[in-house]
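Peer 1: here's my sequence, what's the structure:
(one chain, ligands or ions: 1)
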Amino acid sequence: MPKRLIRQTADAFSYPAEAAPAGLVLYVVLTVVGSAAPVVIAWFTKAVIDGLTEGGDAGSLLGYALGLGVAGLVAAALPLGTEYLAVHLEREVGVLTQDRLFTAVGEFVGLGRFEDPSFLERLRLAQQAASGAPIRVVTGVLAIARHVTTVAGFLVTLFLINPWMAALVLFSGVPMLVSELAMARRRVRMYWDIGPTERREFFYGQLLAGVEAAKEVRLFDLGAFFRARMLSERRTANSAKRAVDLREMSLQIGLGLMAATVGGAGLIWAISAAARGRLTPGDVTVFVAAVAGVQTGLAGIAGGIAGCQESLGMFDHFRSVTTAGPELPVAKDPRPLDSLLTEGIELHDVWFRYSDEHDWVLKGVNLRIAKGETVALVGLNGAGKSTLVNLLCRFYDPTKGSVTWGGVDVRDADAGDLRRRICAVFQDYMSYDLSAQDNIGLGDLGRLDDLEAIAAAAERAGIHGKLAGLPRGYRTLLTRMFFMEGRDDEGPDQGVVLSGGQWQRLALARALLRDDPDLMILDEPSSGLDAEAEAEIHASLGRHRAGRTSLLISHRLGAVRGADRIVVLSGGVITEEGDHQTLIDGAGEYARLFALQASGYGAEH
Ligand SMILES: Nc1ncnc2c1ncn2[C@@H]1O[C@H](COP(=O)(O)OP(=O)(O)OP(=O)(O)O)[C@@H](O)[C@H]1O
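Peer 2: You can find the predicted model right below:
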């Protein structure tokens with residue numbers, strides 16, 4: 001246990017040592033110097049009082065007074081310097097730890113961790129602890145060292161005056177240490193326990209204050225309902241915190257009473273000893289200061305150890321996230337993927353479920369997409385179409401079976417290499433609060449500034465005219481989130497708000513920016529578009545897809561009828577396969593759905 005504690009403490013120190021080495025050294029030096037000040041002040045005070053009462057010579061008296069003044073000045077100025085340095089160190093460490101944390105998160109290969117609530121909780125606590133915890137450990141360790149120095153100095157003083165008193169004051173500190181450590185452990189546990197409650201409170205707050213839910217909150221009059229839930233979560237968290245605070249307070253009162261009793265007994269003894277002429281008035285002063293100094297120092301040591309333990313406990317979340325490593329196996333010696341795709345992309349008897357507790361989503365799927373072929377995947381809601389896409393992009397690994405890319409199992413390849421070969425529009429596409437240019441350019445970072453390529457992609461997605469006509473063209477921000485009136489030179493009126501269908505076209509443009517991808521995945525690329533726009537987009541995509549390997553998912557069967565092969569997924573298995581005409585002739589599920597949609601359109605006219 002102590003070994004682990006030492007290792008953890010050393011690790012916490014390594015962050016400020018790396019982020020701001022000079023600042024850390026200065027901080028340590030100033031703290032050490034500051035720790036000697038109280039003892040020096042006590043001794044100068046004794047010398048001045050004894051000099052005054054015993055009629056010492058004026059020269060040495062002046063010297064003591066001067067010493068007292070300088071020590072007082074140092075004691076007053078040092079905390080300001082150390083406080084400044086602590087904040088500086090915290091800022092610098094914050095940059096380093098944020099970098100480490102998000103680098104680690106970026107290295108997660110798939111999506112599983114982002115759906116694991118206990119991991120998300122750990123991530124939240126890791127973020128919270130990232131910048132402050134290492135500095136609190138450093139401050140705690142130095143505070144302990146400072147208090148140890150002060151206590152040692154005063155203990156020697158006390159020992160010289162009354163050894164029994166020194167022992168009594170020292171041992172009265174033991175219960176303090178034990179209870180402080182127990183309190184720190186309880187506090188860390190409490191933070192972990194109330195994590196989900198605080199997350200829910202935050203969630204309700206977001207619903208009330210964010211734009212996403214604003215319409216429904218007003219339409220269904222949900223404000224009071226969500227507010228009540230939010231406050232109830234807050235009250236639950238508060239009562240857990242209050243229980244710990246109450247326990248701490250009662251313990252502190254008990255400890256305070258014990259310290260006061262010991263201090264009072266010491267004072268009575270010192271005064272009676274002085275009355276009998278065994279102590280000088282200076283001795284009494286230094287004795288009182290020493291008892292108070294030892295008690296304060298011991299409380300400081302106990303508090304410092306407890307604080308360190310609490311911070312180390314919190315920092316453990318940071319450490320476990322940054323050392324978690326990828327959650328899907330990473331090939332040590334990744335096999336290169338090639339663009340020839342002679343063997344196509346293939347799912348071999350793929351079984352998949354999101355976790356052991358979930359039902360099977362895919363149940364033995366065999367599917368081959370040949371190079372240059374357009375395969376359309378259709379099926380009812382929840383049939384597993386997007387899940388299949390997730391496996392192709394290796395956001396998850398099949399529970400059983402395999403996915404191969406040109407004959408190479410994607411688990412043996414580098415996930416980055418795989419994804420660079422794919423361009424995709426997902427059903428749940430992103431709308432970034434950035435400029436139009438960035439929104440498209442993010443599809444291929446190397447072309448972020450290539451306006452020509454960006455405009456060409458926008459043209460293919462049928463949104464170029466709209467974007468070019470914006471107040472600042474492609475540089476126009478597609479959000480009003482980041483404007484602060486009076487502070488931003490671009491003014492709040494410059495951001496624009498796009499419609500749902502326009503955002504979808506933008507997402508499509510982002511996917512189309514990639515030059516010559518090996519596989520194009522379009523998962524409901526036109527669900528938000530009007531009928532005319534949909535026809536136009538599909539015509540454009542059809543031209544763009546020609547000769548490319550692609551997988552198209554759509555509920556609008558009219559949009560997929562031109563695919564080389566249509567695959568029907570139902571309940572996690574492939575039930576039908578063939579081109580449009582074959583499936584219509586087969587009079588199965590596809591033919592039924594197609595007839596249903598066609599009659600729906602027919603009925604309108
Ligand atoms: N991240 C997830 N964790 C757990 N279950 C999931 C997850 N994503 C999807 N599912 C479940 O897997 C099943 C298949 O979902 P999927 O999104 O693949 O269907 P889909 O065919 O794309 O449906 P839709 O046509 O509605 O888009 C559903 O029952 C869904 O509840």
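
Peer 1: who's in contact with stretch 510-517?
Peer 2: For stretch 510-517, contacts defined as C-beta atoms under 8 Å, 6 or more residues apart in numbering pick out 421-425, 439-444, 447, 453-454, 457, 460-461, 520, 522, 544, 548. All C-beta spots, glycine's among them, are computed from the backbone N, C-alpha and C.

Peer 1: check contacts around residue 553.
Peer 2: 376, 377, 378, 385, 386, 389, 427, 521, 522, 523, 524.

Peer 1: the first one looks like it's in a strand, true?
Peer 2: Spelled out, it's residue 376. Yes - counting by DSSP: H, G, I helix; E, B strand; the rest coil, residue 376 is part of a strand.

Peer 1: ok, now how distant is it from the ligand?
Peer 2: 13 Å (C-beta to the nearest ligand atom, to the nearest Å).

Peer 1: residues of the stretch 401-550 of the chain that sit close to the ligand?
Peer 2: For the stretch 401-550 of the chain, the residues in contact with the ligand (C-beta under 6 Å from any ligand atom) are residue 427.

Peer 1: residue in the stretch 401-550 of the chain nearest to the ligand?
Peer 2: Taking C-beta to the nearest ligand atom, the ligand has its nearest neighbour within the stretch 401-550 of the chain at residue 427, 5.6 Å off.

Peer 1: tell me the SS of that residue?
Peer 2: From three-state DSSP, the assignment for residue 427 is coil.

Peer 1: which of the contacts of stretch 510-517 are buried?
Peer 2: With burial judged by 16 or more other C-beta atoms under 10 Å, the buried subset of those is 421-425, 439-441, 443-444, 447, 453-454, 457, 460-461, 520, 522, 544, 548.

Peer 1: show the contacting residues for the most centrally placed residue in the chain.
Peer 2: For the chain, the residue nearest the mean C-alpha position is residue 127 (4.2 Å; C-alpha atoms, centre = their mean). If you count contacts by C-beta under 8 Å, 6+ apart, residue 127 has them with residue 101.

Peer 1: can you verify it is assigned to a helix?
Peer 2: Yes - assessed by three-state DSSP, residue 127 belongs to a helix.

Peer 1: look up how far residue 402 lies from it.
Peer 2: Residue 127 sits 36 Å away from residue 402 when distances are taken as C-beta to C-beta, to the nearest Å.

Peer 1: which parts of the stretch 101-250 of the chain are strands?
Peer 2: Assigned by DSSP state E, counting those that start in this stretch, the stretch 101-250 of the chain shows no strands.

Peer 1: cool, and the chain?
Peer 2: Assignment of strands within the chain using DSSP state E yields the ranges 345-352, 362-369, 374-378, 400-405, 408-409, 422-425, 519-523, 550-553, 565-570, 573-578.

Peer 1: go ahead and confirm the residue of the stretch 401-550 of the chain closest to the ligand touches residue 522.
Peer 2: No - with contacts counted by C-beta atoms under 8 Å, residue 427 stays clear of residue 522, the gap being 10.0 Å.

Peer 1: count the neighbours of the residue of the stretch 401-550 of the chain closest to the ligand for me.
Peer 2: 13 (other C-beta atoms under 10 Å).

Peer 1: sorry, back to before: selecting buried members of the contacts of residue 553 in ChimeraX, what would you type?
Peer 2: Applying 16+ other C-beta under 10 Å to the contacts of residue 553, the buried members can be selected in ChimeraX as follows:
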select :376,377,378,385,386,389,521,522,523,524
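
Peer 1: now pLDDT too, for the contacts of residue 553, in CSV please.
Peer 2: Shown next, in CSV, are these (pLDDT from 0 to 100):
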residue, pLDDT
376, 93
377, 94
378, 92
385, 93
386, 93
389, 94
427, 86
521, 93
522, 90
523, 90
524, 84
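
Peer 1: which parts of the protein sit against the ligand?
Peer 2: Residues of the chain lying near the ligand (C-beta under 6 Å from any ligand atom): 115, 354, 358, 361, 379, 381-387, 427.

Peer 1: which two of those residues have the greatest separation?
Peer 2: The span of the residues of the chain next to the ligand, defined through C-beta to C-beta, is set by 115 and 379 at 22.6 Å.

Peer 1: more neighbours, the two?
Peer 2: Neighbour tally, residue 115 and residue 379, criterion other C-beta under 10 Å: the higher count belongs to residue 379, 23 against 12.

Peer 1: residues in contact with the closest residue in space to the more buried one that isn't next to it in sequence?
Peer 2: What sits nearest to residue 379 in space, not counting adjacent residues and going by C-beta to C-beta, 6 or more residues apart in numbering, is residue 569, at 3.8 Å. If you count contacts by C-beta under 8 Å, 6+ apart, residue 569 has them with 365, 377, 378, 379, 383, 384, 385, 388, 575.

Peer 1: low-confidence regions, the stretch 1-150 of the chain specifically.
Peer 2: Applying pLDDT under 70 to the stretch 1-150 of the chain picks out residues 1.

Peer 1: in it, which spans are helices?
Peer 2: When assigned using DSSP state H, counting those that start in this stretch, the helices of the stretch 1-150 of the chain occupy the ranges 2-19, 21-53, 58-106, 117-130, 132-161.

Peer 1: now do the stretch 151-300 of the chain
Peer 2: 163-171, 174-193, 195-209, 214-219, 223-275, 281-322.

Peer 1: need the winner for burial among the ones you listed.
Peer 2: helix 281-322 (a mean of 22; mean count of other C-beta atoms under 10 Å).

Peer 1: coming back round to it: go through the contacts of stretch 510-517 and flag which are in helices.
Peer 2: Among the contacts of stretch 510-517, DSSP state H puts 439, 440, 441, 453, 454, 457, 460, 544 in helices.

Peer 1: from these, which has minimum pLDDT?
Peer 2: The member of these with the lowest pLDDT is residue 544, at 76.

Peer 1: ok, it touching residue 461?
Peer 2: No - counting by C-beta under 8 Å, residue 544 sits too far from residue 461 to count as a contact (9.5 Å).

Peer 1: now the stretch 351-500 of the chain, which segments are flagged as low pLDDT?
Peer 2: 482-494.

Peer 1: mean neighbour count, the helices of the stretch 1-150 of the chain: which tops it?
Peer 2: Among the helices of the stretch 1-150 of the chain, highest average neighbours (mean count of other C-beta under 10 Å) belong to helix 132-161, with a mean of 21.

Peer 1: rewinding a little: and which of the contacts of residue 569 is nearest residue 85?
Peer 2: So of the contacts of residue 569, ranked by how close each gets to residue 85 (C-beta to C-beta), first place is residue 388, at 55.6 Å.

Peer 1: residue contacts, that closest one?
Peer 2: 347, 350, 362, 365, 367, 377, 569.

Peer 1: let's see 7 Å
Peer 2: 362, 365, 377 (C-beta atoms under 7 Å, 6 or more residues apart in numbering).

Peer 1: check contacts around the first one.
Peer 2: For residue 362, the set of contacting residues under the criterion of C-beta under 7 Å, 6+ apart consists of 350, 351, 352, 384, 387, 388, 572.

Peer 1: try it again with 10 Å
Peer 2: By C-beta atoms under 10 Å, 6 or more residues apart in numbering, the residues touching residue 362 are 347, 349-353, 383-384, 387-388, 391, 398-401, 569, 571-574.

Peer 1: may I have stretch 562-578 exported as CSV, CA atoms only?
Peer 2: The C-alpha trace of stretch 562-578 is given here as CSV (Å, rounded to 0.1, in the frame of the first residue of the first chain):
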residue,chain,number,x,y,z
GLY,A,562,-30.7,1.2,-59.6
ALA,A,563,-28.2,-0.6,-57.4
ASP,A,564,-26.3,-3.6,-58.9
ARG,A,565,-27.6,-5.8,-56.0
ILE,A,566,-30.2,-5.3,-53.4
VAL,A,567,-29.9,-7.1,-50.1
VAL,A,568,-32.8,-7.4,-47.7
LEU,A,569,-31.9,-7.7,-44.0
SER,A,570,-34.6,-8.9,-41.7
GLY,A,571,-34.2,-9.8,-38.0
GLY,A,572,-30.4,-9.9,-38.4
VAL,A,573,-30.3,-12.3,-41.4
ILE,A,574,-30.2,-11.8,-45.1
THR,A,575,-33.5,-12.9,-46.5
GLU,A,576,-33.4,-11.8,-50.1
GLU,A,577,-30.7,-10.8,-52.5
GLY,A,578,-30.7,-9.8,-56.2
